[in-house]
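Participant: 3D, please:
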Amino acid sequence: MVLLNASGLKKMFLDETLFDGVSFRVDEGDKIGFVGVNGAGKSTLFKIINDTMEYDSGELYKNKLLRIGYLDQYSVTDSENTIMDEMLGAFSELIRIEDELTDIRFELESGADDTDALIVRQTALTERFQDLDGYQYRSRAASALTGLGFSEAEFSRCVSELSGGEKTRVALGRLLLSDVNLLLLDEPTNHLDIDAVEWLEGFLSSYRGSFIIISHDRYFLDKVTNRTFELSAGRLRTYSGGYSEYARQRETERKTEERSYRNTMREIERLTGIVEQQRRWNREKNIKTAESKLKVIEKLEGTLEAPQRKQADMRFGFTALPGGGQDVLILDEVGMSFGEKRIFGGCSAHIVKGEKVFLLGANGCGKTTLIKDIIGIYPPTEGEIRIGANIRIGYYDQIQENLDPEKTVFDEVHDEYPDMTETEIRNALAVFLFRGEDVFKEIKKLSGGERARVELTKLMLRPVNFLIMDEPTNHLDIDSREALEKALMDYDGTMLMVSHDRYFINKLADRVLGMSADGLISSIGGYDDYAEMKARRQTGETAAQAAEKGGSADYKEQKRQAAEKRRVLGRFQRVEDMIEALDVEIAALESEMAENATDFGRLSELSDKTEEKRAEQDTLMEEWEALQKEIEERGYDSE
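Facilitator: Here you go, the predicted structure:
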């Protein structure tokens, strides 16, 4: 059954077209992920579907049986209900039936005259109550609240007293339990920790209705969706499969578009050459041939469409400050209390040079507090923190307080790094998707995600060898997250990160530290390895038992080998990318040398710089060859 069908939708704001020609359909049972850069118009399209915003042209058909439930990313309610009463509002029909059944029972017990009619009505209501699974609705509400991170003791709290994030979680829970058959969820995983997101994944996986979800959480989309919508450059495209399948299809499509565009451009150039040649001969026959070819050129140009540029395709060699001891960070039974309130204790860990470590845990367990202990904002109340010799820390905490709102993006970076050339600054900004005129935008006019990208650029250029980052992917769309991933994969220093982005963690992590009030547990590998270890601990299964199930003689050795393989292949990829980035830099320097051929002072400076880059590339080439040999000898597949 078709629930929703859109044809040629267009939306304008003043004289600017946000999107045009948007067509799609939503069938019963569709689980759709909706992706696109911030500002593409995804939330606007949701509002159009929900009848809270008008569109300028096109058609939107809705099935008469369609019941829409809409959650935007800023959902906040100031209800005076308790959290539980607010959730129970999703079961208004069941509560009405309960109340009527109570009234009927009272009337029957009181000896009412119309007993037969009351019994008939009671039977009908009881059957309806059972059909709606009425005996379970209170436990369903409690289960949803628990899954979304509320303790039973919090069920009686007043909604109006909650934080914005807590109110959004209540609104999400109520919507999930409501009687609708199409959910529109705009960034539903905001304000949820990993445990709550996993509960939501389980709920949506078994959800019998349809939904469309706007999300930048790629792991989440892979778990719950079977179709993908992409809104980009005013156009909407549809794909089968979750995020990873969409990304594969989109990359194939993009390459096909680029190849077709290049072939068409070559044909136009060939025909243009024929036209010029025929015009030079200037005979009647030649003139007719030229006119004929011009018509072909016009037709080709009329159908020619430049392929959308892949945004996260720039590479730049971010390099850690040389030196620093092998032992980067040692935590020895670290604990933290504020007054009589103990946040955590017993945190011990050892991070060594070059490791990429992620710190995970439920909201409120103290991850950010531990990070602030490490960087010296708070002194720990228990235990000891030791930073290695010659370790320089660079810290990112999402709050872009150090940005000057009156400066442009370019000046913000240039003023902090005055020795960098314009080309170097532009290359660095391009990594974080500031290209062309974007670099001259004023900071005060940037979105939260754009401001985050400026701060990330500045951080990655600082002379540090230990990056500590607290939720660096928050506020970033998928393209920006992928750009950050590529930059961090190139980074050869040590990293400690707090993140809820499981896709991001799987891409980068050498190790995960799971945090609770009682300390840290360490897991080699990415998020999936950590989740597997947690599941074993919850069931009481030992590593040896897990190994026996998997047919491995030595589970720990298997994990060690897997981590070593990731390390070698990861370093190989980073070295390869750095070599490519140096190719770009050297080409830019050589171009600049050609432009300054008569300025001998500048030419000498550029020549020295080019030689430095070539020497750096030679060193990397030697490492690349050694890694290539190691990969071949060990029989690794270069995934």
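
Participant: now the most centrally placed residue in the chain, what's its secondary structure?
Facilitator: When CA atoms, centre = their mean is applied to the chain, the residue found nearest the centroid is His216 (3.7 Å). Recorded secondary structure, His216: coil (DSSP: H, G, I helix; E, B strand; the rest coil).

Participant: just the pLDDT for it.
Facilitator: Looking at His216, its pLDDT is 92.

Participant: before we move on, what about Phe155?
Facilitator: Listed pLDDT for Phe155 reads 92.

Participant: circling back: residues touching the residue nearest to the centre of the chain, list them.
Facilitator: For His216, the contacting residues are Val35, Glu187, Thr473, Leu476, Asp477, Ile478, Arg481, by CB atoms under 8 Å, 6 or more residues apart in numbering. (Each C-beta comes from the backbone N, C-alpha and C, glycine too.)

Participant: adding neighbour count, secondary structure and distance to Val170, write the residues you listed out as JSON lines.
Facilitator: Shown next, in JSON lines, are those (neighbours: other CB atoms under 10 Å; DSSP: H, G, I helix; E, B strand; the rest coil; distance: CB to CB, whole Å):
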{"residue": "Val35", "neighbour count": "26", "secondary structure": "strand", "distance to Val170": "27"}
{"residue": "Glu187", "neighbour count": "19", "secondary structure": "coil", "distance to Val170": "16"}
{"residue": "Thr473", "neighbour count": "25", "secondary structure": "coil", "distance to Val170": "25"}
{"residue": "Leu476", "neighbour count": "25", "secondary structure": "coil", "distance to Val170": "26"}
{"residue": "Asp477", "neighbour count": "21", "secondary structure": "coil", "distance to Val170": "26"}
{"residue": "Ile478", "neighbour count": "23", "secondary structure": "helix", "distance to Val170": "27"}
{"residue": "Arg481", "neighbour count": "22", "secondary structure": "helix", "distance to Val170": "28"}
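
Participant: now for these, which pair is the farthest apart?
Facilitator: Spatially, the most separated pair among these is Val35 and Thr473, at 14.5 Å (CB to CB).

Participant: hey, where'd the strands end up in the stretch 251-400 of the chain?
Facilitator: Along the stretch 251-400 of the chain, counting by DSSP state E, counting those that start in this stretch, strands occupy 327-338, 341-352, 356-360, 382-387, 393-396.

Participant: closest one to Thr146 among the ones you listed?
Facilitator: Among these, the nearest to Thr146 by CB to CB is strand 356-360 (19.9 Å).

Participant: adjacent strands (with direction) for the closest one?
Facilitator: If you go by DSSP bridges, strand 356-360 pairs up with strand 494-498 (parallel), strand 511-516 (parallel).

Participant: what lines up beside the helix or strand following the last one in the sheet?
Facilitator: Later in the chain than strand 511-516, the nearest helix or strand by DSSP states H and E is strand 519-524. Paired neighbours of strand 519-524 in the sheet (DSSP bridges): strand 511-516 (antiparallel).

Participant: the strand it pairs with versus strand 327-338: what angle between them?
Facilitator: Relative orientation of strand 511-516 versus strand 327-338 (axes from the mean of the first three to the mean of the last three CA atoms, to 10 degrees): 10 degrees.

Participant: centre of the chain to strand 511-516, how far?
Facilitator: 21 Å (CA atoms, centre = their mean, to the nearest Å).

Participant: ok, stretch 229-249 next?
Facilitator: Relative to its parent chain, stretch 229-249 has a centroid offset of 15 Å by CA atoms, centre = their mean.

Participant: also stretch 451-461?
Facilitator: A distance of 17 Å separates the centroid of the chain from that of stretch 451-461, by CA atoms, centre = their mean.

Participant: the nearest residue to Ser607 once chain neighbours are set aside and Glu422: what is the separation?
Facilitator: Closest residue in space to Ser607, ignoring its immediate chain neighbours: Met593 at 6.7 Å, by CB to CB, 6 or more residues apart in numbering. For Met593, the distance to Glu422 (CB to CB, to the nearest Å) stands at 15 Å.

Participant: of these two, who's got more company?
Facilitator: Met593 (18 against 11; other CB atoms under 10 Å).
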